[in-house]
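A.B. asks: kindly generate the corresponding structure for this input.
(chains A and B)
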Amino acid sequence: MRRLRSIVVALALAAAPASAAGTSDAPAAASTSACREGATLERLDRWDAAATAYAAGLQVRAQAACAERGLRRLQAGGRLCAAATALEDAGLDTEAQAAYAKVLELQPSSRCASVAIADMTAEGTVAWLREAIADLGQFALAAAIAVLAAALLAWMLLCVLTHAPGLRRLPGVRHLRRVRLQLKSLGDGASDRLGSATTGLLRSRLVHDANDKRVALASGPSDTGALDGLADVSDQARVIVALLRLMRAGLPKRDWVVIGVLQGASADGLGLSIALDNNGRFTAFGEFWANTHCGPPTKDVAETYRRLTIPAAGWLGHQVAAVNDPRALLSSSADSWALFTVGLHWCDRGERRVAGDFYERARNVDPHNIAALANLGVMAAEDGRPDDAERMLSRALELLER
Amino acid sequence: MTRDPHYVLDWYAIKFSLAALNANEWVRLRDRRAQDWRKGGFLAHVTAVVVPDGERRRLEQARCQAQELALACVDTLIELDVSRWRHPQVAYARARKAGRERRRALRSHLEDAMLPSALVLLAGVLEPDPKPVASPRSRGELRAALTADPIRPSALVGLVEQALPAARVQYSLACLYATWGDSRRSQALLRSSLARTPRSRRVGLAHRAVTDPTLRPVVEAGDARSLLAQLDVEPSAADAVVTETETETETETETETT
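C.D. replies: Numbering: from 1, shown residues only, chains lettered A, B, ... in the order given. All right, here's what the predicted structure looks like:
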């Protein structure tokens, strides 16, 4: 019996909170007080607090209509945005924007809050742009400093690469110190016209040799003044040009100057003498004479000098190639190579006998002239001397592979 | 720093000259033996059957040198094709051997001139295939074809003909088809070669064609005069060339220029 009574009491205790929750009207009471509180605060001109109280009243169905009416009344009177406007007037933009956002949260249809937020966002964009422009100036300055620093570093690196004995022969680095050939006008005692014409012809032959992939020579006129036009563009460009010139001046280079003179008639006929000057120091001297370097004799003076430019160009090209890439050379002697180029010239014009003579002379000067040997071998094959041809071609191949 | 001969254009030119010299000598000796067979009596018949050592040596040398040349061309082209990002060590070694400009010149020279010429030359000193075989489709396959035993000449020639070969290579192909007995194809190639040769050199090439003993059956089978007239060869030069074909009695030594 006692046990039964205790079970009934426990059940009654368990059921008590459930029944209390089901019949309680506590939120309604709270919302009622919230609506009244809102009205009271409204009368006290505390608009924000009143709006908050009405917003709380909206959560309860019984007081929703009262709260909604209160909020509409506040909005119609323009009092909903009053506090946010006051903050905005005080210059507290961030707080004002938060206040407007809160108003929109309470009353999404609030026009004053929507307009104010839109205006503030636009003002923010302008302010951001203003800041960005100011930052851009700083960025440009920083970029200029970075470029200068990078140029300085690059120059130091190039100096190290071109000076260090172990590094200056590396692929790419080798070409930093290319020879720049400047051909001065050849002196001519008789008339300047012939000297300048011969100079132009020699220069064109050198450029032709530089473009000839089989010979792979590198030469050409000096490129000073190539950046002069850029310096006239603006002060910044002038600074860049000055920087590049400074870098270029600091690097080791091979500025070669070719000077020469057309020789008058002598025991060997007309002649052409050329001297090579490297940074003020004499490097090499070559002379070419009509009787030894021209092939079939001619009485035309201009034609003689024109022919003399052929061995001169070959000789100069050999000097340049010997510095740029000695492995590409097919003969170690510049004089032998000059004779070979004359032979090549006559071979192209169908004068095989003259060409053969020059090849032989080139071979006499340098027995290891691979090009002369190979061409003599080909000519021997064409002349029906297969054994001679085989011997010469095999020798040329052996020298090339050595 | 030593020089890698495979990165020097002149190495290929000299090697080709040497191979062509041996091939031409072999053709000359073979033709002379054939002439002896036709003209000679019983003793000449007997001696002409035996291939002399000199002729055999020339053939072997030509075959060996042409094969070496073709393999060198293919190997160098394969090395030139290696990506610098995937194989930086190979690319670095390659850059040490030759600069960029020379590598570019070397590639175009090998692709356009030297490799096709070497393949045609090699095909010319091999026994012709009874039945044509498929051509290699990549450089790797070509390399395998060049090291195969036996080497199939029709595969090599097919590869050369896939791309439009240079006029000089077409001339060599015309010679090759003439030796294989395909006169129609040989004539078409000869015509194309002459047409694509610059006019300044056309007369010289036409002269070579009509005096070339290898091409004689082809030229004699077609109307040489009309062929040259179509190709804008000067009438006087054409007459001289045609007259020369009629009076030509001596055997010319060359089939391929060096």
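A.B. asks: packing partners for the helix or strand where residue B:174 lies?
C.D. replies: Assigned by DSSP states H and E, residue B:174 falls within helix B:167-179. If contacts are counted by 3 or more C-beta pairs under 8 Å, 6 or more residues apart in numbering or on different chains; DSSP states H and E, helix B:167-179 sits against helix B:115-124, helix B:153-162, helix B:183-196, helix B:199-211, helix B:216-221. Using the backbone N, CA and C atoms, a C-beta is placed for each residue, glycine as well.
A.B. asks: who's in contact with the last one?
C.D. replies: So the one you mean is helix B:216-221. Residues outside helix B:216-221 that contact it (C-beta atoms under 8 Å, 6 or more residues apart in numbering or on different chains) are B:174, B:178, B:183, B:186-187, B:190, B:209-210, B:245, B:248.
A.B. asks: over to the first one?
C.D. replies: Helix B:115-124 is contacted from outside by B:16, B:19-20, B:23, B:62-63, B:66-67, B:69-70, B:73-74, B:77, B:146, B:151, B:153-154, B:156-157, B:159-160, B:163, B:165-166, B:168-169, B:172-173, B:175-176, B:179, B:255-256, using C-beta under 8 Å, 6+ apart.
A.B. asks: change it to 7 Å
C.D. replies: Outside helix B:115-124, the residues that touch it by C-beta atoms under 7 Å, 6 or more residues apart in numbering or on different chains are B:16, B:19-20, B:23, B:66-67, B:69-70, B:73, B:153, B:156-157, B:159-160, B:165, B:169, B:172-173, B:176, B:179, B:256.
A.B. asks: what kind of secondary structure is residue A:168 in?
C.D. replies: Taking DSSP: H, G, I helix; E, B strand; the rest coil as the rule, one finds residue A:168 in the coil state.
A.B. asks: hang on, isn't it packed against residue A:158?
C.D. replies: No: taking contacts as C-beta atoms under 7 Å, residue A:168 lies outside contact range of residue A:158: 10.7 Å.
A.B. asks: hey, where'd the strands end up in the stretch 1-150 of chain B?
C.D. replies: Taking DSSP state E, counting those that start in this stretch as the criterion, the stretch 1-150 of chain B contains no strands.
A.B. asks: so where do the helices sit in it?
C.D. replies: For the stretch 1-150 of chain B, applying DSSP state H, counting those that start in this stretch gives helices covering B:9-39, B:42-49, B:53-81, B:88-97, B:100-109, B:115-124, B:139-147.
A.B. asks: out of these, deepest packed?
C.D. replies: Stretch with highest mean neighbour count among these: helix B:115-124 (a mean of 27; mean count of other C-beta atoms under 10 Å in any protein chain shown).
A.B. asks: count the neighbours of residue 165 for me.
C.D. replies: Went with chain A since none was named. Using other C-beta atoms under 10 Å in any protein chain shown, residue A:165 has 6 neighbouring residues.
A.B. asks: my question was about chain B, not that one.
C.D. replies: Neighbours of residue B:165 under the rule other C-beta under 10 Å: 23.
A.B. asks: show me chain A divided up by domain.
C.D. replies: Here the domain parsing of chain A from automatic domain parsing is A:18-123, A:177-221+A:254-401.
A.B. asks: on that earlier part again, okay, the angle between the helix holding residue B:174 and helix B:183-196?
C.D. replies: Angle, helix B:167-179 to helix B:183-196, by axes from the mean of the first three to the mean of the last three C-alpha atoms, to 10 degrees: 160 degrees.
A.B. asks: any bit of stretch A:379-391 sitting next to chain B?
C.D. replies: Yes: residues of stretch A:379-391 contacting chain B under C-beta under 7 Å from any C-beta of the partner chain: A:381, A:384, A:386, A:389-390.
A.B. asks: quick revisit: now restrict the contacts of helix B:216-221 to buried residues only.
C.D. replies: Buried members of the contacts of helix B:216-221, counted by 16 or more other C-beta atoms under 10 Å in any protein chain shown: B:174, B:178, B:183, B:186-187, B:190, B:209-210, B:245.
A.B. asks: can I get those residues in CSV with distance to residue A:201 and pLDDT?
C.D. replies: Shown next, in CSV, are the buried ones among the contacts of helix B:216-221 (distance: C-beta to C-beta, whole Å; pLDDT from 0 to 100):
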residue, distance to residue A:201, pLDDT
B:174, 41, 91
B:178, 46, 88
B:183, 50, 85
B:186, 46, 89
B:187, 46, 86
B:190, 40, 88
B:209, 38, 81
B:210, 40, 77
B:245, 43, 43
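A.B. asks: hmm, back to that, among the residues of stretch A:379-391 next to chain B, which two are most distant?
C.D. replies: Greatest spatial distance in those: A:384 and A:390, 12.7 Å, computed using C-beta to C-beta.
A.B. asks: more neighbours, the two?
C.D. replies: residue A:390 (20 against 12).
A.B. asks: now do the contacts for the residue lying closest to that one once chain neighbours are set aside.
C.D. replies: Closest residue to residue A:390 in three dimensions, ignoring its sequence neighbours and counting by C-beta to C-beta, 6 or more residues apart in numbering or on different chains: residue B:21, at 6.1 Å. Residues near residue B:21 by C-beta under 7 Å, 6+ apart: A:381, A:386, A:389-390, A:393, B:258.
A.B. asks: repeat the analysis, applying 10 Å as the threshold.
C.D. replies: Contacts for residue B:21 (C-beta atoms under 10 Å, 6 or more residues apart in numbering or on different chains) come out as A:377-378, A:380-382, A:386-387, A:389-390, A:393-394, B:58, B:61-62, B:65, B:254, B:256, B:258.
A.B. asks: what's the per-residue pLDDT of it here?
C.D. replies: Per-residue pLDDT puts residue B:21 at 92.
A.B. asks: what residue lies at the spatial centre of chain A?
C.D. replies: Most central in chain A under C-alpha atoms, centre = their mean is residue A:147, positioned 11.9 Å from the mean C-alpha point.
A.B. asks: name the element that residue belongs to?
C.D. replies: Here residue A:147, judged by DSSP H and E, is contained in helix A:111-163.
A.B. asks: show the average pLDDT along that helix.
C.D. replies: Helix A:111-163 shows a mean pLDDT of 84.
A.B. asks: related to what we said a few turns ago, pick the most deeply packed of the domains of chain A.
C.D. replies: Mean neighbours per residue, mean count of other C-beta under 10 Å, is largest over the domains of chain A for domain A:177-221+A:254-401, with a mean of 19.
A.B. asks: if I look at the residue most central in space within chain B, how far off is chain A?
C.D. replies: Per C-alpha atoms, centre = their mean, the C-alpha nearest to the average position across chain B is that of residue B:121, at 3.6 Å. According to C-beta to the nearest C-beta, to the nearest Å, residue B:121 stands 14 Å off from chain A.
A.B. asks: over to residue B:146?
C.D. replies: For residue B:146 relative to chain A (C-beta to the nearest C-beta), the value is 20 Å.
A.B. asks: picking that back up, of the helices and strands packed on helix B:167-179, which approaches residue A:284 most closely?
C.D. replies: Here helix B:199-211 is closest among these (C-beta to C-beta), at 37.9 Å.
A.B. asks: now the closest one against helix B:167-179, angle please.
C.D. replies: Going by the same axes, to 10 degrees, helix B:199-211 makes 10 degrees with helix B:167-179.
A.B. asks: other SSEs contacting helix B:199-211?
C.D. replies: Counting contacts by 3 or more C-beta pairs under 10 Å, 6 or more residues apart in numbering or on different chains; DSSP states H and E, helix B:199-211 packs against helix B:167-179, helix B:183-196, helix B:216-221, helix B:224-230, helix B:235-247.
A.B. asks: send over the shortest one as CSV, restricted to the C-alpha atoms.
C.D. replies: Going back to what we said before, that points to helix B:216-221. Output in CSV follows, covering the C-alpha atoms of helix B:216-221 (Å, rounded to 0.1, in the frame of the first residue of the first chain):
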residue,chain,number,x,y,z
ARG,B,216,70.0,8.0,-119.5
PRO,B,217,67.2,5.5,-119.9
VAL,B,218,64.7,7.9,-118.4
VAL,B,219,65.8,10.8,-120.6
GLU,B,220,65.9,8.7,-123.7
ALA,B,221,62.4,7.2,-122.9
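A.B. asks: please consider this matter closed, and thank you.
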